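Colleague: Mind folding the following:
(chains A, B and C)
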Amino acid sequence: MSVIPLSWYLIFAAALFCIGLYGVLARRNAVAILMGIELMLNAVIVNLIAFWRYNDPTNVSGQAFAIIVFAVAAAEAAVGLALIISIYRRQNTVVAEDINLMKW
Amino acid sequence: MVSQVIFIVFACATLLAAYLVVNVNNLIHAALWLVASLLGIAAIFVLLDASFMATVEIVLYIGAIAILIVFAVMLTRRVMEDIGQQKTDSWWLAAALSMVFFVSVTLLIWNTNWPSLPQGDVGDTVLILGKSLVDPDKYVIPFEIASVLLIVALIGSIAVALPPSDDNK
Amino acid sequence: MEISTLFTWLIPLPPLLSFVVIVLITSNNRRASHLVALCAMGISLFFSWFVVYGAIVSDHFGDHPIASSINWLPTGNTALRMGIAVDPLTVVMLTFVPLACFLIILYSIGYSNFGQSRDERDVPGNPPHHGVEPMYSRFFAYLSLFAGAMLVLTVADNLLMLFFGWEIMGACSYLLIGFWYGRTYEDKLQIVPSGAAVKAFMTTRLADVIMLIGIAYLYYEAGTLNFRDIFFNADVLDHLLHTPSIIGGLAVAHLIGLLLFIGTVGKSAQFPLHVWLPDAMEGPTPVSAMIHAAAMVSAGVYMVLRMFPLLSAGAYHGANPVLTVMAFIGAFTALFAATIAIAQNDVKKVLAYSTISQLGYMIAALGIGAYIAAAFHLMTHAFFKALLFMGSGSIIHGVEHGMHHTHEKLDPQDMFNMGGLAKRMPITFRTFLIGGLSLAGFPFVTAGFWSKDEILADAFAHGHWWVFVTLLLSAFLTAFYTMRQISLTFLGEPRTESAKHAHESTWTMTFPLVVLSVFAIFAGFVGVHQDFPVLGKMLGKNPFEHFVIYSLPNHGSGFVFTWTPVMLSVVVGLSGLFLGWLVYGRNSLKVGQQDPLIKWFGPLYELLSNKYYIDELYDLVFVRPAKWLSETVSFRFVDRILIDGLLHAIAGWTMKLGSGAVWFEKWGINYAPDKFGDGVRASGDSVRIVQSGKIQDYLMLTMSALVVVVIIVFMVIN
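Modeller: Numbering: from 1, shown residues only, chains lettered A, B, ... in the order given. Got it, this is the predicted structure:
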């Protein structure tokens, strides 16, 4: 059904990735930074699925890889949010700039 | 033609939602826009004939991760409202870097010859995928490692998020 | 794709979208929120009625229903499909569901005091005093989602999609019944909205789980969940009917039928799972109308109507195990709830029990095989019950307005605090009267009469005597408590100052009442029996029956018209109304006067007004043992003794092992590395300055480096 060139998907994914990157770099709230990371991960998954579709669809390594990325993303979100909540409890802040316990 | 239009509509909607995720001040709204943009990505998956991935995207990302984020926002809400400012001082640098990165990657993509779409129907990839995930010749090891990772993450996040206790024995 | 197919796909979409739009975009703008909800529902209504119109004008629609589906979720060798199907039964649903939802949303604008300014005393989670509802937009978002789910359920072509809508409605009913979650009462025994929400959710959940088991079992046995694939395929039905199930003596079809029917028992509040519905009255009144007329409880009856070919499979002379159970539960519930309704003083509680009773009618009708009559009563009931609920909301609003005026403190829903509202709220009175007469089955001019009569006539014609007698008796009681309600609220003189100062509601509230009262009269004429003298000929040979019967694979024969049931139901309806008027209407009650029934039937009245103590029974039998079990067995014994004891033992051993290790570490391992560490620290001191400790600075640095590398690579390539 699709007559969409592969490059469209890739550019879409690149745009999504850059928006996520901007979110990671520019937001102060740690939860918002995590949201940016989720967007970046999703961009990666879009790329994987697009490449799978445009190469040989019977070879499902692209999808298998995407599933692994999903699992990693879930783990990342869980641990990341747990860290944020833990820091929030101890330091009463979720601002990434203020979380600098390890400096010096 | 039709699918191109559909793609552009969904892509624009997704990107718009993603833009709002990183730009709105209210974090609850940001999380809801994240849900919207993930839905858009699920639609893109459907366009790519990966309906299983679309399902997983909705169930896992929207159903689990996005909800987790909403909870995190609610749990940590009070402080952020006090502080107010949502962007770092060097956000312009971040924006510039992202733009430059995007432009260069786009140029790279544009100047490459990509394979065109293979002919024929995709068929039922879910069965193949399901089998290859537990096939010793294929991805059983990554698959199992992923599950171990999930367990570790689960236990680790519980351990990390436990309330700080004073009596460390 | 044909246009009506496309439209059918689009029917549930606008309300669902409107939910998203209200939540994400218009949540701060009240006017925009209700406009979005109203427009979305209007579009749905247009689509629905377009489809309905197309179905009615086309010849032999039943043989060529609208059906379309797409692959949804691939599951290995096969795929679950998502699709829509419109057959005559769906058409019936599509005539009243979107209309009722639309009117309810319109009504909610007035009900939530739109246009009033925000009252300072109002807090979210409590009913507003006199200002606009604090969570105005949220209310419309929920209503939209509810309506959307109901429409999904209506147009679904398979049981799984139906179940989706079913469950979304369950969640919405939880949210809406508990909408005023912060409300508390001085009387600790009275259930609060949050408690009622949990009760409704838990009760229906119990039924839904059993229903889901039934769905899974059906999928396992039949290999599909598509309605037409099951019902119009003799092989599948035959297979289901002749395979013995895991429970001895029952065919698979019957076991599945029973499991699915339990889902309906929960959703449509049949005995013994009826307890949630009266408490659901704690929600705002439009919600009650939504739950009791347009959506939730209709969904339960709709589901059994939809599954009727399966439920009635292998019925011999209109009886098989499933149908017998249905007839019994339905008839029992009809009578049981009608008796309770007599002794209720809360204007909404009376209607709640009458709803349970009327739903019992439909279930009983299905149980004796009166498919058409059940569908017909479902439609007319939706119209007049939505009308009655919205009317009661208008009454309560009027009394609350009076309370605001007089600063009295009383229960605005208690009928004994009302009286004489007919003069003060004329539109509400007239429409409520129409709805009440329709409910009571006032002969020949109201919709309720025709549908109720059809059920009774069917029971009579096919010789189901005990069903006939039970339903006749509950029809009498229905007429009686309806007249009691009308007399207590509208007739006589006001019994409180607040009732004296009540006044008519705004047009957004009265307009839906007027529209529904038109339907509460005229909707009955589509289903008049063809042999009925004069009217039958005049209205064309029972168009409803000839339309809907094509939903079934084999079109059963109707029944021969006889005068006996008609005369009986006329007599019963009129005498019930007359008796009600004699007791309550002729000499209207004075201030502080007791219900005359208390004098005459003291203990019996007590039993009825306490709803046969069913809630107390459940508390004793289910709730307390569960609490006891979790308290004593799980917590005290398992947790404290078994698990804690084990853990303490393990911890003790580990401590002993650890103290040995500490000794070794102190002397064996620590000394040399300490010196090494000093060296590292000294070198670290000199380079630590780049570490600002801010994660984003690091990332920024990394990205800058990456961008520089990318630019260099570009230069090299070009």
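Colleague: If you count neighbours, what's buried in stretch C:575-587?
Modeller: C:576-577, C:580-581, C:583-585 (16 or more other C-beta atoms under 10 Å in any protein chain shown). For the C-beta atoms, the positions are set from N, CA and C on the backbone; glycine is no exception.
Colleague: now the end-to-end length of it.
Modeller: With C-alpha to C-alpha, to the nearest Å applied, stretch C:575-587 spans 18 Å between its terminal residues.
Colleague: ok so residue C:445 is a strand residue?
Modeller: No: counting by DSSP: H, G, I helix; E, B strand; the rest coil, residue C:445 falls outside a strand, being coil.
Colleague: Distance of the residue nearest to residue C:270 when sequence neighbours are not counted relative to residue A:20?
Modeller: Distances taken as C-beta to C-beta, 6 or more residues apart in numbering or on different chains put residue C:333 closest to residue C:270, at 4.9 Å, once the chain neighbours are dropped. Using C-beta to C-beta, to the nearest Å, residue C:333 is found at 56 Å from residue A:20.
Colleague: need the contact list for the residue nearest to residue C:270.
Modeller: C:270-271, C:274, C:356-357, C:359-360, C:363-364 (C-beta atoms under 8 Å, 6 or more residues apart in numbering or on different chains).
Colleague: which stretch of helix or strand covers it?
Modeller: Under the criterion of DSSP states H and E, residue C:333 resides in helix C:321-342.
Colleague: Just the buried residues of that helix, please?
Modeller: When burial is assessed from 16+ other C-beta under 10 Å, helix C:321-342 yields the following buried residues: C:321-323, C:325-342.
Colleague: Run through chain A and note the low-pLDDT ranges.
Modeller: A:1-2, A:100-104 (pLDDT under 70).
Colleague: ranges for the helices of it?
Modeller: A:6-26, A:30-54, A:61-91 (DSSP state H).
Colleague: The second one near chain B at all?
Modeller: Which is helix A:30-54. Yes: Helix A:30-54 is in contact with chain B by C-beta under 8 Å from any C-beta of the partner chain, via A:31-32, A:34-36, A:38-39, A:42, A:45-46, A:49-50, A:52-54.
Colleague: Domain ranges for chain B, per the record?
Modeller: Domains of chain B are assigned by automatic domain parsing as B:1-77, B:127-162.
Colleague: Let me know the average pLDDT across the last one.
Modeller: So the one you mean is domain B:127-162. Averaged across domain B:127-162, pLDDT comes to 86.
Colleague: Next: stretch C:400-418.
Modeller: 79.
Colleague: got any ranges where the stretch 201-350 of chain C has weak pLDDT?
Modeller: Residues of the stretch 201-350 of chain C that meet the cut-off, pLDDT under 70, sit at C:248, C:292-294, C:315-319.
Colleague: Now do the helices in it.
Modeller: Secondary structure of the stretch 201-350 of chain C (DSSP state H, counting those that start in this stretch): helices at C:227-231, C:234-242, C:252-267, C:276-279, C:285-289, C:296-306, C:308-311, C:321-342, C:347-367.
Colleague: Return the alpha-carbon coordinates of the last one using CSV.
Modeller: Once non-C-alpha atoms are left out, helix C:347-367 reads as follows in CSV (Å, rounded to 0.1, in the frame of the first residue of the first chain):
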residue,chain,number,x,y,z
VAL,C,347,-37.1,10.6,44.2
LYS,C,348,-34.1,9.1,42.3
LYS,C,349,-34.1,5.8,44.3
VAL,C,350,-37.7,5.1,43.2
LEU,C,351,-36.6,5.5,39.6
ALA,C,352,-33.6,3.4,40.2
TYR,C,353,-35.6,0.5,41.5
SER,C,354,-38.2,1.0,38.7
THR,C,355,-35.3,0.7,36.3
ILE,C,356,-34.2,-2.6,37.8
SER,C,357,-37.8,-3.8,37.6
GLN,C,358,-38.2,-2.8,34.0
LEU,C,359,-34.9,-4.4,33.0
GLY,C,360,-36.2,-7.5,34.7
TYR,C,361,-39.2,-7.3,32.3
MET,C,362,-36.9,-7.3,29.3
ILE,C,363,-34.8,-10.2,30.6
ALA,C,364,-37.9,-12.2,31.4
ALA,C,365,-39.3,-11.4,28.0
LEU,C,366,-36.1,-12.7,26.4
GLY,C,367,-36.3,-15.7,28.7
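Colleague: can the helices of the stretch 201-350 of chain C go into a markdown table with extra columns for distance to residue C:17?
Modeller: Shown next, in a markdown table, are the helices of the stretch 201-350 of chain C (distance: least, C-beta to C-beta, whole Å):
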| stretch | distance to residue C:17 |
| --- | --- |
| helix C:227-231 | 26 |
| helix C:234-242 | 36 |
| helix C:252-267 | 25 |
| helix C:276-279 | 30 |
| helix C:285-289 | 21 |
| helix C:296-306 | 21 |
| helix C:308-311 | 33 |
| helix C:321-342 | 37 |
| helix C:347-367 | 30 |
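Colleague: Just the buried positions in stretch B:30-43, please.
Modeller: Within stretch B:30-43, the residues scored as buried using 16+ other C-beta under 10 Å are B:30-43.
Colleague: So which of these would count as near chain A as well?
Modeller: B:30-31, B:34, B:37-38, B:41.
Colleague: Show me those that map onto helices.
Modeller: Among these, the ones falling in helices (DSSP H) are B:30-31, B:34, B:37-38, B:41.
Colleague: which among those are in contact with chain C?
Modeller: Among these, none lies close to chain C by the criterion of C-beta under 8 Å from any C-beta.
Colleague: near chain C, which residues of chain B?
Modeller: Contact residues (C-beta under 8 Å from any C-beta) of chain B with chain C: B:29, B:32-33, B:36, B:51-52, B:55, B:88, B:90, B:93-94, B:97, B:100-101, B:104-105, B:107, B:124, B:126-127, B:130.
Colleague: What's the first helix or strand after the worst-scoring helix or strand of chain B on mean pLDDT?
Modeller: Every helix and strand of chain B was ranked by mean pLDDT, DSSP states H and E. The lowest is helix B:77-83, at a mean of 59. Counting by DSSP H and E, the next helix or strand C-terminal to helix B:77-83 is helix B:91-110.
Colleague: got a list of what the spatially most central residue of chain A touches?
Modeller: Geometric centre of chain A, nearest residue: residue A:41, 2.6 Å, by C-alpha atoms, centre = their mean. Contacts were defined as C-beta under 8 Å, 6+ apart; by that measure residue A:41 touches A:20, A:69, A:72-73, A:76.
Colleague: again, only using 6 Å
Modeller: residue A:73 (C-beta atoms under 6 Å, 6 or more residues apart in numbering or on different chains).
Colleague: cool, the one 10 residues further on as well?
Modeller: With contact taken as C-beta under 6 Å, 6+ apart, residue A:51 is in contact with residue A:62.
Colleague: Quick check: it vs residue A:8, distance?
Modeller: In terms of C-beta to C-beta, residue A:51 sits 13 Å off from residue A:8.
Colleague: Against residue C:481, how distant is the nearest residue to residue A:14 once chain neighbours are set aside?
Modeller: Counting by C-beta to C-beta, 6+ apart, residue A:14 lies nearest to residue B:105, which is 4.5 Å off, once chain neighbours are set aside. Computed as C-beta to C-beta, the residue B:105 to residue C:481 distance reads 73 Å.
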